[in-house]
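1. no sequence on this one, just coordinates:
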């Protein structure tokens with residue numbers, strides 16, 4: 001029955017999941033802050049695959065912006081195939097995995113410990129291989145993930161990265177993080193609007209998703225959801241990179257989805273949205289109150305004023321709803337994408 005997929009159920013669970021995770025882990029973050037100050041980490045390395053890799057991309061932007069510590073996204077093949085030995089003294093290496101059983105991510109964590117790094121796991125599974133091998137564990141506490149398409153665990157991973165950033169610097173405030181579940185509730189209020197909107201995209205086969213800054217990871221995550229649940233070929237770009245060539249692929253009525261948050265990236269995205277609208281693209285803006293949105297074919301606006309630093313979790317919710325409801329509109333089961341399983345192991 002339309003609107004009753006496990007994916008939609010898990011999307012709707014996110015306010016409770018996030019509030020529970022925050023309450024359970026915030027004191028952990030405070031304690032880790034004292035430890036990190038003594039360690040004086042000079043580098044953070046994030047390692048993940050799939051949706052978790054999109055969370056890692058967010059973590060890179062967040063941690064570098066709010067702490068001033070350089071962040072690298074690990075290339076697991078460097079460890080698993082090329083067997084390189086990196087000097088990771090004074091580095092914090094963070095593995096991110098819903099299941100904690102991503103083989104190559106765990107290989108990186110093991111290698112990093114041998115090379116002098118302090119390791120942290122961000123996972124939903126307390127008894128997983130990753131949780132056992134890391135020095136420290138931040139638990140997402142999302143409950144069992146039943147749909148193959150990750151939603152609540154992605155949001156939970158982002159929340160843990162906020163707590164990690166708060167432990168490493170001063171740019172993220174725990175009081176601000178505590179408000180995220182409420183903003184997610186307000187984002188969920190768009191469900192009926194999205195349910196009507198997706199009818200317009202029933203026959204969509206190609207799309208482009210654009211963002212910049214903290215929401216750049218959401219462009220990757222939204223496009224992944226469109227690909228795995230709706231079988232839409234969805235390209236994702238930074239707004240800056242999009243202007244360096246890919247904008248040439250735009251033609252009339254091409255669906256272009258833009259995450260547009262108030263703050264440092266707003267003007268760049270506003271100018272791009274206006275240009276795309278003039279070009280005749282089918283533009284859909286995902287944003288919130290706080291800055292007037294430029295002309296577009298359609299908008300999904302959360303009725304809340306959210307500081308830019310805290311927008312990524314609320315902003316992904318309308319995109320998750322869009323993918324889940326579009327899949328059902330297309331007659332597809334978003335819980336069981338073809339050729340995919342809940343846990344994927346690669347080396």
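-> On my side now, so go ahead. Just so it is clear, the model here is predicted, and its values are computed rather than measured.
2. Let me know whether residue 231 touches residue 333 as I believe.
-> No - Residue 231 is not in contact with residue 333 according to Cβ atoms under 8 Å; the separation is 11.5 Å. All C-beta atoms are positioned from the backbone trio N, CA, C, and that covers glycine.
3. Contacts for stretch 82-91, please.
-> With contact meaning Cβ atoms under 8 Å, 6 or more residues apart in numbering, stretch 82-91 is reached by 39-45, 78, 111-112, 115-118.
4. Between the residues you listed, which sits nearest residue 130?
-> Nearest to residue 130, judged by Cβ to Cβ, of the contacts of stretch 82-91 is residue 112 at 12.2 Å.
5. Just name the shakiest helix or strand of the chain by mean pLDDT.
-> helix 76-80 (a mean of 89; mean pLDDT, DSSP states H and E).
6. who does the next helix or strand after it pair up with?
-> In the C-terminal direction, the helix or strand that comes right after helix 76-80 (DSSP states H and E) is strand 91-97. Strand 91-97 sits in its sheet next to strand 43-47 (parallel), strand 118-123 (parallel), going by DSSP bridges.
7. Any idea how far the longest one is from the middle of the chain?
-> I take that to be strand 118-123. The chain centroid and the centroid of strand 118-123 are separated by 17 Å under Cα atoms, centre = their mean, to the nearest Å.
8. Same check on the first one?
-> In this view, strand 43-47 has its centroid 16 Å away from the chain centroid, taken as Cα atoms, centre = their mean.
9. Tell me which helix or strand comes right after the host helix or strand of residue 7.
-> Element membership for residue 7, per DSSP H and E: helix 6-12. Once the chain leaves helix 6-12, the next helix or strand it forms, by DSSP H and E, is helix 14-39.
10. buried set for that following helix?
-> 14-15, 17-22, 25, 28-29, 32-33, 36 (16 or more other Cβ atoms under 10 Å).
11. Including pLDDT and distance to residue 298, could those go into JSON lines?
-> Output for those, formatted as JSON lines (pLDDT from 0 to 100; distance: Cβ to Cβ, whole Å):
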{"residue": "14", "pLDDT": "98", "distance to residue 298": "23"}
{"residue": "15", "pLDDT": "98", "distance to residue 298": "25"}
{"residue": "17", "pLDDT": "98", "distance to residue 298": "28"}
{"residue": "18", "pLDDT": "98", "distance to residue 298": "27"}
{"residue": "19", "pLDDT": "98", "distance to residue 298": "31"}
{"residue": "20", "pLDDT": "97", "distance to residue 298": "33"}
{"residue": "21", "pLDDT": "98", "distance to residue 298": "32"}
{"residue": "22", "pLDDT": "98", "distance to residue 298": "32"}
{"residue": "25", "pLDDT": "98", "distance to residue 298": "37"}
{"residue": "28", "pLDDT": "97", "distance to residue 298": "41"}
{"residue": "29", "pLDDT": "97", "distance to residue 298": "38"}
{"residue": "32", "pLDDT": "98", "distance to residue 298": "42"}
{"residue": "33", "pLDDT": "97", "distance to residue 298": "42"}
{"residue": "36", "pLDDT": "97", "distance to residue 298": "43"}
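12. Many thanks, I have nothing further to ask.
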